[in-house]
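In: what follows is a protein structure lacking sequence information:
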């Protein structure tokens, strides 16, 4: 009897059913069902976040599951979705709700004043009807009204084909949407007061958009969606590997990000009461690999030494070419990349805050899985990429989760108690990056962590209560933030020794990068006049705790540390609305000197030094 090539996967409690190929990884079922599940490690079974409960069939345990899951979890039938390749129909229960919570809302930075000088314009014309006495052709009549001298309009053939009918249908009263002398669209009547654009921050984790009135420069709507590519890994290298090793992988990644941007377009248009056909331009600021994937350009060689991108300068295409749901000739502009690992998002950051024009030395940090750092002034600008890993986003942390409803975002220890705050005041489910920084800083203050990062019992008489919270579990020594009986007998939320090591690796990458950039400019930490912190994660950090753990330089006055929110969106907006800003980005990528940390002989020394804490 011939066997079926596909098997059915049933999700409980929803009852949703999808079919996948026999022997295909279970993560594919989540992808088909449109259900998000954390896959920080790109399905390698290392992060232990894609937990499910098997309700029907059983499967042999993998070595990775034995490491990532506790005995209690295994006894309950909890498994890792990425480690299961079913050959028969199965039922599974979703147990990790962290991915389904409400995302921590992004902030969009302060308002930056700049001159509006967009090359996009709208011009309303009332043409004279042709006659035997005035037999000018339709296109000539339009050119006489819209351009001067011997210049000619660049009119796409699709608009030319229907031009005569459209003019007569609208009594020769129409509005032209122009980019220089190229016609983007022709609209009935006078629509000159309706001109909109979209600035996009194309992040590895989040895709954020700002809908802008291109006449006034006013923000009309802002919003964000999770980057759906995260099902194939939380970091860009995982996605590069997927594009190389999976049949049609690059196309799949590109389609995911195009669909997500279309979702942002639709959501913001509805919120602002704007028609999508009235959005004429989009500017996109993303890291270099994200920019390559968006355009369907092979990112392989960005991920391999010497990390050379296919392009650095601004790329511009039509919405039609990329499959975006706007008028076909709407312009989509990709901000230029500085290097293989410092992309258009940092170009945008530099542009937004004029980092290359400042008198005082400014340190700018965009904190994320792949954090970027820029340092300098009008006298010189250097930048680098710090591979921090996903710890700041809850990845590779035992009780970690993203900044969503129920995530512990603030923690303070007292002599005899623990105070926590969760996002949206939700029931505690885990700890996000800001909470991770807080708990480590507080444990350092109470001497529950030594300089090497080891969890130890404190000798402080007033803090003996906390010693009882230090336990031995399957991951080794851990500090208990919330016990099972404080969580309706659910799994306790703890900070393990391994979690602290993950944080140390992340913060060491940043501090090593900062020190090397200082060396390049022959500067000391005391020469830094201010620090600008960008990114959704950076917005909610306690800067005093960040300095305590060594994430930010200690010699900078905390009053000079500023959180600027989504700086990439601010710069993308400026790029969208200003011709001079577009020229300036070309200058920025030539002025900004990229330092490859891996090529530095002193990087390992600075990295090792950055692993230590100072009390």
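Out: Done, it's in. For clarity, every value in this text was computed on a predicted model and none was experimentally measured. Residues are numbered from 1 along each chain as shown.
In: so where's the stretch 301-450 of the chain shaky on pLDDT?
Out: 369 (pLDDT under 70).
In: can you pull out the strands in it?
Out: Taking DSSP state E, counting those that start in this stretch, the strands of the stretch 301-450 of the chain run over residues 315-318, 331-334, 362-366, 370-377, 380-387, 407-414, 417-422, 430-431.
In: which one of the ones you listed lies nearest to residue 554?
Out: Minimum separation from residue 554 across those (CB to CB) falls at strand 362-366, 12.7 Å. Just so you know, the C-beta spots here come from the backbone N, C-alpha and C atoms, and that holds for glycine as well.
In: now do the closest one against strand 380-387, angle only.
Out: For strand 362-366 against strand 380-387, the angle by axes from the mean of the first three to the mean of the last three CA atoms, to 10 degrees is 30 degrees.
In: now for strand 362-366, which elements pack on it?
Out: helix 344-352, strand 370-377, helix 497-520, strand 530-534, helix 567-577 (3 or more CB pairs under 8 Å, 6 or more residues apart in numbering; DSSP states H and E).
In: looking at this, residue 187 is in a strand?
Out: Yes. Counting by DSSP: H, G, I helix; E, B strand; the rest coil, residue 187 is part of a strand.
In: circling back to that earlier point, to residue 449, which of the strands of the stretch 301-450 of the chain lies closest?
Out: Here strand 407-414 is closest among the strands of the stretch 301-450 of the chain (CB to CB), at 11.6 Å.
In: so what strands line up beside that closest one?
Out: strand 417-422 (antiparallel), strand 430-431 (parallel) (DSSP bridges).
In: hmm, who's touching that strand?
Out: 98, 101, 104, 394, 401, 403, 418-423, 426, 428-432, 434-435, 438-439, 442-443, 445-446, 463, 466, 481, 493, 540, 542 (CB atoms under 8 Å, 6 or more residues apart in numbering).
In: to what extent is residue 564 buried, counted in neighbours?
Out: 22 (other CB atoms under 10 Å).
In: what angle separates the host helix or strand of it from strand 530-534?
Out: Here residue 564 sits within strand 561-565, counting by DSSP states H and E. Strand 561-565 runs at 30 degrees relative to strand 530-534, counting by the same axes, to 10 degrees.
In: how about residue 59, secondary structure?
Out: Per three-state DSSP, residue 59 ends up coil.
In: any weak-confidence spans in the stretch 101-250 of the chain?
Out: In the stretch 101-250 of the chain, residues with pLDDT under 70: 101-114, 147-151.
In: where along it do the helices fall?
Out: Secondary structure of the stretch 101-250 of the chain (DSSP state H, counting those that start in this stretch): helices at 138-146, 157-161, 163-169, 236-245, 249-272.
In: those helices: which one's closest to residue 192?
Out: Comparing those under CB to CB, the one sitting nearest is helix 138-146, at 13.1 Å.
In: what residues of that closest one count as buried?
Out: The neighbour-count check on helix 138-146 (16 or more other CB atoms under 10 Å) flags 138, 141, 142, 143, 146 as buried.
In: where's the most centrally placed residue in the chain relative to residue 24, distance?
Out: Central residue of the chain (CA atoms, centre = their mean): residue 203, 2.3 Å from the mean position. Distance, residue 203 to residue 24, by CB to CB, to the nearest Å: 29 Å.
In: before we move on, what about residue 551?
Out: 41 Å.
In: mind checking which of those two has more residues around it?
Out: residue 551 (26 against 17).
In: and the more buried one, backbone torsions?
Out: phi -70, psi -40 (degrees, to the nearest 10).
In: the closest residue to it other than its chain neighbours: how many residues sit nearby?
Out: With sequence-adjacent residues excluded and distances taken as CB to CB, 6 or more residues apart in numbering, residue 551 is closest to residue 507, at 4.7 Å. Applying other CB under 10 Å, we find 24 residues neighbouring residue 507.
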